[in-house]
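Enquirer: prediction below, plus the sequence it came from.
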Amino acid sequence: MNERLRQLLVAAWHACPEEERHPPAAEGDLRAFEVEFGTIPPAFREYLTVCGGRVGGDGEWIDGLPELADSHRQFRADNEFWHMRGVFIIGWDGGGNPFGIELSSGRVLVEDHDFGGIHEMAPSFPAFLAAGLSPNAEPGAAPDTAG
């Protein structure tokens with residue numbers, strides 16, 4: 001994540017009411033999560049240390065560390081229902097669909113249980129975050145979001 005996006009995220013995070021955001025994640029808590037669930041993708045790990053959870057793309061709520069373990073447990077428990085594989089779940093949309101970072105490409109994907117299919121929400125996690133900060137922008141269109 002580049003410095004411009006980091007600054008925008010921090011400002012947006014501070015603008016949210018306290019009850020709607022998590023504090024930045026501590027390194028020890030991140031390591032404890034990774035012991036049980038595997039390595040957190042680097043861009044998402046950085047996001048958790050900067051914002052802790054909340055600011056998302058297109059109004060989506062991104063899990064903070066407190067919910068992340070529950071989301072991973074839920075996704076694993078319902079694994080036969082979902083078709084997404086190789087995706088690190090980072091939240092659930094308002095329709096109850098899981099979304100996450102595809103480990104092989106870095107794309108942010110969502111699986112739609114109502115209409116079917118797996119769809120790209122953004123070409124990268126930084127682009128997903130930038131889209132959430134500028135809802136009218138095309139994914140990845142915000143300046144300097146590639147990092």
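Expert: Cool, got the structure.
Enquirer: so which residue is dead centre in this structure?
Expert: The centroid of the chain falls nearest to I90 when counting by CA atoms, centre = their mean (4.2 Å).
Enquirer: how far away is the nearest residue to that one once chain neighbours are set aside from G86?
Expert: The shortest distance from I90 to any residue that is not its chain neighbour, by CB to CB, 6 or more residues apart in numbering, is 4.9 Å, and that residue is G100. All C-beta spots, glycine's among them, are computed from the backbone N, C-alpha and C. In this view, G100 and G86 are 10 Å apart by CB to CB, to the nearest Å.
Enquirer: okay, the two: which has more neighbours?
Expert: In this view G100 and G86 are compared by other CB atoms under 10 Å, and G100 has more residues nearby, 26 against 11.
Enquirer: what residues are up against that one?
Expert: Applying CB atoms under 8 Å, 6 or more residues apart in numbering, we find G100 in contact with 84, 87-91, 108-109.
Enquirer: all strands for the chain, in order.
Expert: Residue ranges of the strands in the chain, as given by DSSP state E, are 87-92, 98-102, 108-111, 118-122.
Enquirer: want to throw the ones you listed into TSV with mean pLDDT?
Expert: As requested, the strands of the chain are arranged in TSV below (pLDDT from 0 to 100):
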stretch	mean pLDDT
strand 87-92	93
strand 98-102	95
strand 108-111	94
strand 118-122	94
